[in-house]
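[1] Provided below are the primary sequence and the corresponding predicted coordinates.
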Amino acid sequence: MKTVLTIAGSDSSGGAGIQADLKTMTELGTFGMSAITAITAQNTCGVNAVLALPCDMISAQIDAVCDDIFPDAVKIGMLANSQIVECVAASIKKNAMKNIVLDPVMVSTSGHRLLDDDASDALINVLMPLADIITPNIPEAECLAGMKIASKADMIKAAGIIAGSFDGAVLIKGGHLANTGANCIEDSTNVAADLLYHGGQTQWFEAEFVDNPNTHGTGCTLSSAIASELAKGADMPEAVRKAKAYLTGAIKAGLNLGKGRGPLNHAWQNTISDC
Ligand SMILES: Nc1ncnc2c1ncn2[C@@H]1O[C@H](COP(=O)(O)OP(=O)(O)OP(=O)(O)O)[C@@H](O)[C@H]1O
Ligand SMILES: Cc1ncc(CO)c(N)n1
């Protein structure tokens with residue numbers, strides 16, 4: 001069985017972070033392992049508290065995994081501060097890890113900072129060069145590219161700027177532009193459109209925009225799904241295509257949990273085959 005390590009924060013409500021990552025990996029037929037960077041007290045309404053773990057404990061988790069079950073791919077999510085960014089980068093280099101998917105988590109959808117303001121430079125200069133793909137959402141891509149993004153044309157320009165600073169691929173997730181009219185395709189169907197910039201080529205991945213407010217953890221789910229597909233041997237465009245199909249199914253199958261923006265239904269493939 002192929003193995004995937006997630007290096008990310010814990011979400012007590014189970015919808016995002018480590019919990020979403022492990023559910024995704026299991027559903028996609030890979031063996032999920034974890035190195036926890038921070039503990040969050042959060043639910044579908046917001047983030048109440050964050051505790052960043054000490055760097056030596058984070059490195060120790062990564063080393064323990066790599067010394068025993070070397071991961072076929074790695075997903076990196078919430079890193080909380082610049083010290084953690086640096087220590088995760090050092091562990092990745094030391095263990096010569098491969099198939100690195102970096103989700104540059106900065107702010108939760110509820111508006112809580114999950115990465116210190118002063119950690120963006122370390123993320124860009126120290127960690128990004130080690131990644132095979134980076135998966136920013138629109139606000140994260142704006143920060144990384146240093147420009148506003150309000151249209152598909154802006155996404156293409158920003159992806160080129162971000163890709164210019166490292167060797168990996170860039171997937172700009174369009175979830176924050178969907179349903180604003182900015183990324184409507186010609187027949188005016190609204191789509192959730194993500195842009196992959198890979199090997200100098202751009203490719204759109206479009207899926208139905210699901211009218212469902214329960215989208216807590218979509219970013220974590222997509223990046224873990226890409227890591228799982230890379231671990232199983234897919235090339236980058238195929239990994240993104242399969243990951244997006246899994247994600248869209250999990251949003252569509254909808255759970256209705258919590259008082260706020262609820263989690264996805266990770267078991268949707270089983271639900272459908274049971275019917
Ligand atoms: N309502 C929706 N229907 C279909 N796809 C969606 C919807 N909302 C977001 N997506 C897709 O989910 C993925 C994550 O997108 P988004 O831009 O919301 O990332 P994010 O902000 O990092 O997520 P998170 O809310 O977990 O922090 C993308 O593939 C995006 O197109
Ligand atoms: C722990 C954690 N990681 C990532 C996100 C972003 O979805 C979140 N809300 N919580």
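    Perfect, I can see it now. Ligands and ions are numbered 1, 2, ... in the order given.
[2] gap between L51 and ligand 2?
    According to C-beta to the nearest ligand atom, to the nearest Å, L51 and ligand 2 sit 11 Å apart. (Glycine included, C-beta is placed from N, CA and C.)
[3] who does that residue bridge with?
    Bridge pairing for L51 (DSSP bridges) gives the partners I39.
[4] my guess is it meets I39, correct?
    Yes - contact criterion C-beta atoms under 8 Å: L51 and I39 qualify, at 4.7 Å.
[5] higher neighbour count, these two?
    Under the neighbour definition other C-beta atoms under 10 Å, L51 and I39 were set side by side, and I39 has more, 18 against 11.
[6] Correct me if wrong: that one contacts V47.
    No - between I39 and V47 no contact is recorded; they are 11.1 Å apart, counting by C-beta under 8 Å.
[7] Surely A122 and S82 touch.
    Yes - if you go by C-beta under 8 Å, A122 and S82 touch, sitting 4.3 Å apart.
[8] higher neighbour count, the two?
    Ranked by neighbour count (other C-beta under 10 Å), A122 and S82 place A122 first, with 21 against 18.
[9] my read is L171 is in a strand, agree?
    Yes - the assignment for L171 is a strand, going by DSSP: H, G, I helix; E, B strand; the rest coil.
[10] partner residues bridging it?
    L171 has these beta-bridge partners by DSSP bridges: L196.
[11] and it, how far is that from ligand 2?
    15 Å.
[12] what's near enough to touch that residue?
    Contact analysis of L171 by C-beta atoms under 8 Å, 6 or more residues apart in numbering lists I133, I134, T135, P136, D194, L195, L196, Y197, F205, I226, V240.
[13] close enough to count as contact, the third one and S224?
    By that I understand T135. No - the criterion here is C-beta under 8 Å, and T135 misses it with S224 at 10.3 Å.
[14] okay, and the common contacts of those two?
    With C-beta under 8 Å, 6+ apart, T135 and S224 have common neighbours V101.
[15] Tell me which of the two has more neighbours.
    S224 (33 against 29).
[16] For the more buried one, what are phi and psi?
    phi -70, psi -40 (degrees, to the nearest 10).
[17] Ok, P237 next?
    phi -60, psi -40.
[18] burial measure for it, as a count.
    For P237, using other C-beta under 10 Å, the count is 15.
[19] mind listing what it touches?
    P237 sits next to L196, H198, Q203 when contact means C-beta under 8 Å, 6+ apart.
[20] Please report the distance of it from ligand 1.
    14 Å.
[21] again with D63
    Taken as C-beta to the nearest ligand atom, the span from D63 to ligand 1 is 28 Å.
[22] Next, count neighbours for A64.
    Residues near A64, counting by other C-beta under 10 Å, number 12.
[23] quick check, it in a helix?
    Yes - the assignment for A64 is a helix, going by three-state DSSP.
[24] ok, L195 touching A159?
    Yes - the pair L195 / A159 is scored as a contact, 5.5 Å apart, by C-beta under 8 Å.
[25] Okay then, goodbye and thanks.
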